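[1] mind looking at a prediction? Sequence and model below.
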Amino acid sequence: MSEPIYASGTERVLSWLDGSALHVQFNNPARHNALSVDMWEAVPRLLNLARGDDRVRLVVFSGAGEKAFVSGADISQFEDMRAAREAVARYEAMAEEALMAIYDFPKPTLASIRGYCIGGGVNVAISCDIRIAADDAVFSIPAARLGLGYRYSAMKNLVDLVGPGVAKDLFFTARRIDAAEAKAVGLISRTVPVEALPALLAEYTGSIGMNAPLTIAAGKAITREILKPSTDIDLELCTALIQGCFRSADYTEGRTAFMEKRSPVFSGV
C-alpha cells in the first residue's frame, strides 16, 4: 500500500492512493469478502470524495486476501436485512446506491479480480469500466438458486456487457464459469496467471494515469450515451465534450509532445 486516503467508515473497506490510482479494497476475508451493510455504504462515500480529487485519475476495486474478489452478499445479515418487506427495500436501495455510484463515476474504474466473484461481486465488477482477472477467478450469478429478485440496473449492465444470450445462460443456470470462459464471453477483458496479475494491473494504472483525463472522461461519457435508446442520446453533450478536449491545454501538450518525440504530461485542463 502507498499513501492512505479518505475514511471509509469501516475497517472492512480499505482505501489508499498509489500514484494516481485510488484503490478500494473489500476487506472481509473471513467471509471471502462478502458484502456487509457497512461495506455497501462505504462505496458511495469514498467515490464522492474521489470525484473532485484531482490526484485521482482512476479507481481500482479488489478483494483482500487470495481467495475472493467478492463472494456475494453477507448472508449472515439476511435474516435481519432481507426477511421483512421494509428491510428488503432498504437493502436493495443501499446496494443500488453503491453500484450506481460506481457506474456513474466520471473517472475510469477497474475491477482486479482473484478467486470468487459471485453474485454481488459480479455486480460490482460489471459496474466498472474494465475487468481483469487472475486465472483462479470463478464467476457466478446464483440469484435463481436463492429466489432473489434481480434489479433492472444489474441485469441491464450484464446484458449490455455480454449480450442477452450469454446473460440468460449465466442467469438461468446459475452455473459457475472460470476466467477463460469469462474472457471468451466478454465478462472480463484479460486474464493472466495469478502471479502476473499485479503486473497487469500496474500496466493499466500506469497507462490510464498517464493518458489525457479529459479525453478519457469524454470517451466514458459518450459511451454511456451510445448505450442509451437513440431517442435519449444527448448529442449536444457529446459534441461539447469533444470540443472541450480540443480546446484543452492537454491537447496542446499532446501535439507538442508528439512533435518533440517525448511522452506527454497531462494535467487534466
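    All right, it came through fine. Numbers count the residues shown, from 1 in each chain.
[2] all strands for the stretch 51-200 of the chain, in order.
    Shown for the stretch 51-200 of the chain, the strands assigned by DSSP state E, counting those that start in this stretch span residues 58-63, 68-70, 109-113, 116-118, 130-134, 138-140, 177-178, 190-192.
[3] with respect to Trp16, which of those lies nearest?
    Between Trp16 and the strands of the stretch 51-200 of the chain, the tightest spacing by Cβ to Cβ is seen for strand 58-63, at 10.1 Å. Backbone N, C-alpha and C define where each C-beta goes, glycine included.
[4] dump the longest helix seen in the chain to PDB, restricted to CA.
    Across the chain, the helix with the greatest residue count (assigned by DSSP state H) is helix 85-104. What follows is helix 85-104 as a C-alpha-only set of coordinates in PDB (Å, rounded to 0.1, in the frame of the first residue of the first chain):
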ATOM      1  CA  ARG A  85     -40.500  -6.100   3.200                       C
ATOM      2  CA  GLU A  86     -39.100  -2.900   4.600                       C
ATOM      3  CA  ALA A  87     -35.700  -4.500   5.200                       C
ATOM      4  CA  VAL A  88     -35.700  -5.700   1.600                       C
ATOM      5  CA  ALA A  89     -36.400  -2.300   0.300                       C
ATOM      6  CA  ARG A  90     -33.600  -0.700   2.400                       C
ATOM      7  CA  TYR A  91     -31.100  -3.400   1.500                       C
ATOM      8  CA  GLU A  92     -31.900  -3.100  -2.300                       C
ATOM      9  CA  ALA A  93     -31.700   0.700  -2.100                       C
ATOM     10  CA  MET A  94     -28.400   0.600  -0.400                       C
ATOM     11  CA  ALA A  95     -26.900  -1.900  -2.900                       C
ATOM     12  CA  GLU A  96     -28.300   0.100  -5.800                       C
ATOM     13  CA  GLU A  97     -26.700   3.300  -4.500                       C
ATOM     14  CA  ALA A  98     -23.300   1.700  -4.200                       C
ATOM     15  CA  LEU A  99     -23.400   0.100  -7.700                       C
ATOM     16  CA  MET A 100     -24.700   3.200  -9.400                       C
ATOM     17  CA  ALA A 101     -22.000   5.200  -7.600                       C
ATOM     18  CA  ILE A 102     -19.500   3.000  -9.400                       C
ATOM     19  CA  TYR A 103     -21.400   3.100 -12.700                       C
ATOM     20  CA  ASP A 104     -21.900   6.800 -12.700                       C
END
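[5] for it, name the packing helices and strands.
    For helix 85-104, the helices and strands in contact under the criterion 3 or more Cβ pairs under 8 Å, 6 or more residues apart in numbering; DSSP states H and E are helix 37-51, helix 78-81, helix 120-127, helix 152-162.
[6] what's the third one packed up against?
    Using 3+ Cβ pairs under 8 Å, 6+ apart as the contact criterion, the elements in contact with helix 120-127 are strand 58-63, strand 68-70, helix 85-104, strand 109-113, helix 152-162.
[7] residues of stretch 230-240 that come out buried?
    If you call a residue buried by 16 or more other Cβ atoms under 10 Å, then stretch 230-240 has these buried ones: Cys238.
[8] and the contacts of that stretch?
    The contact list for stretch 230-240, computed with Cβ atoms under 8 Å, 6 or more residues apart in numbering, reads 221-222, 225-226.
[9] quick one: buried ones out of those?
    Neighbour counting by 16+ other Cβ under 10 Å classes Ile222 among the contacts of stretch 230-240 as buried.
[10] tabulate the contacts of stretch 230-240 (JSON lines), appending secondary structure.
    Rendered in JSON lines, the data for those read as follows (DSSP: H, G, I helix; E, B strand; the rest coil):
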{"residue": "Ala221", "secondary structure": "helix"}
{"residue": "Ile222", "secondary structure": "helix"}
{"residue": "Glu225", "secondary structure": "helix"}
{"residue": "Ile226", "secondary structure": "helix"}
